[in-house]
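got a structure for you, letters missing:
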């Protein structure tokens, strides 16, 4: 997760460079528009759907990664997380003892949170990407 931003940055940069050489951006420069205006009016609206999709995928991935590491005992034991709760349930033998309430709620919350980010990303993509046709 430390270097997860590198791929997103590379793709964003290449998209920005492609947008920069478009005819309407060059025409805006020739008309004397400021760089900030060109960025706000032409570049950001085209980069925003990609950025939102990246966030919608990256946040659930980070949550499940943290939960998985904490479940394996590699997280901070003093910081309460869903993965730490699952680790405690495993250590104290919740499954063999039938203590399902130690296992099911954290697992459901991890799934709900991940799905919530994916659904929010999809909804925001429909808002910021007018070319996307919904049927």
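Perfect, I can see it now. Please read all numbers here as calculations on a predicted model, not as lab measurements. Residues are numbered from 1 along each chain as shown.

remind me which residues of this structure are low pLDDT?
Counting by pLDDT under 70, the chain contains low-confidence ranges at 1, 130, 132-135.

To which secondary structure element is the residue nearest in space to the middle of it assigned?
Computing the C-alpha centroid of the chain and ranking residues by C-alpha atoms, centre = their mean puts residue 55 first, at 2.4 Å. Assigned by DSSP states H and E, residue 55 belongs to helix 44-71.

for that helix, packing partners?
Here helix 44-71 is seen to pack against helix 4-20, helix 82-91, helix 104-128 when contacts are counted using 3 or more C-beta pairs under 8 Å, 6 or more residues apart in numbering; DSSP states H and E. Quick note: C-beta positions are derived from backbone N, CA and C, even for glycine.

Spell out which helix or strand contains residue 96, please.
Secondary structure from DSSP H and E places residue 96 in helix 94-97.

which residues touch that helix?
The list of residues contacting helix 94-97 from outside it, by C-beta atoms under 8 Å, 6 or more residues apart in numbering, reads 89, 100, 102, 103.

Could you do stretch 107-126 as well?
By C-beta under 8 Å, 6+ apart, the list of residues contacting stretch 107-126 from outside reads 49, 52-53, 55-57, 59-60, 63-64, 67, 82, 86, 132, 134.

Give me the spatial nearest neighbour of the residue nearest to the centre of the chain, chain neighbours excluded.
In space, and not counting its chain neighbours, residue 55 is closest to residue 121: 6.6 Å by C-beta to C-beta, 6 or more residues apart in numbering.

All set now, cheers.
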